[in-house]
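> could you look at this predicted model? Sequence included:
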Amino acid sequence: MIPIPWIGFRATCRFVVAELGTDADPFMLHLHAAVAEKQRALFSRHTREALKAAKASGIALCNAQLADVRARAIASTKAEADRFANCHFLVCATHILVL
């Protein structure tokens, strides 16, 4: 049983790790968490270094068609907003005329 302090009361629950089985003690869980944290830090550092090297060598690190895609998305959003506004304006105008 592992205490869970962030719940607000002293609750305990059974923590089971599929790879370690039901007899995993807190020390083993701590070791696995430490290794996972180190692995995450290494992945992050290697990714940053690779992106820095790619940028230094002149490789484009973005979508070459981003401007076109963004323009089409903006146009689509504006068209949908205009359609929505016109639809609701006609409903409101019809409602006002009915009164």
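Received the coordinates, thanks. Bear in mind that the values here come from a model prediction, so they are computed numbers and not experimental data.
> contacts and neighbour counts: CA atoms only from here.
Will do.
> Leu61 belongs to a strand?
No: counting by DSSP: H, G, I helix; E, B strand; the rest coil, Leu61 is not part of a strand but coil.
> count the neighbours of it for me.
Leu61 has 10 neighbours, counted by other C-alpha atoms under 10 Å.
> need the contact list for it.
51, 54-55 (C-alpha atoms under 8 Å, 6 or more residues apart in numbering).
> possible to save these as TSV with secondary structure, distance to Ala41 and pLDDT?
Formatted as TSV, these follow (DSSP: H, G, I helix; E, B strand; the rest coil; distance: C-alpha to C-alpha, whole Å; pLDDT from 0 to 100):
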residue	secondary structure	distance to Ala41	pLDDT
Leu51	helix	15	92
Ala54	helix	20	91
Lys55	helix	21	89
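> not counting sequence-adjacent ones, nearest residue to Lys55?
Nearest residue to Lys55 in three dimensions, chain neighbours excluded: Leu61, at 6.9 Å (C-alpha to C-alpha, 6 or more residues apart in numbering).
> still on that earlier bit, among the contacts of Leu61, name the buried ones.
With neighbours counted by 16 or more other C-alpha atoms under 10 Å, the contacts of Leu61 contain no buried members.
> Gly21: which of the residues you listed is nearest?
In terms of C-alpha to C-alpha, no member of the contacts of Leu61 lies closer to Gly21 than Leu51, at 39.0 Å.
> which residue is the nearest non-sequential neighbour of that closest one?
Spatial nearest neighbour of Leu51, excluding adjacent residues (C-alpha to C-alpha, 6+ apart): Leu61 at 7.9 Å.
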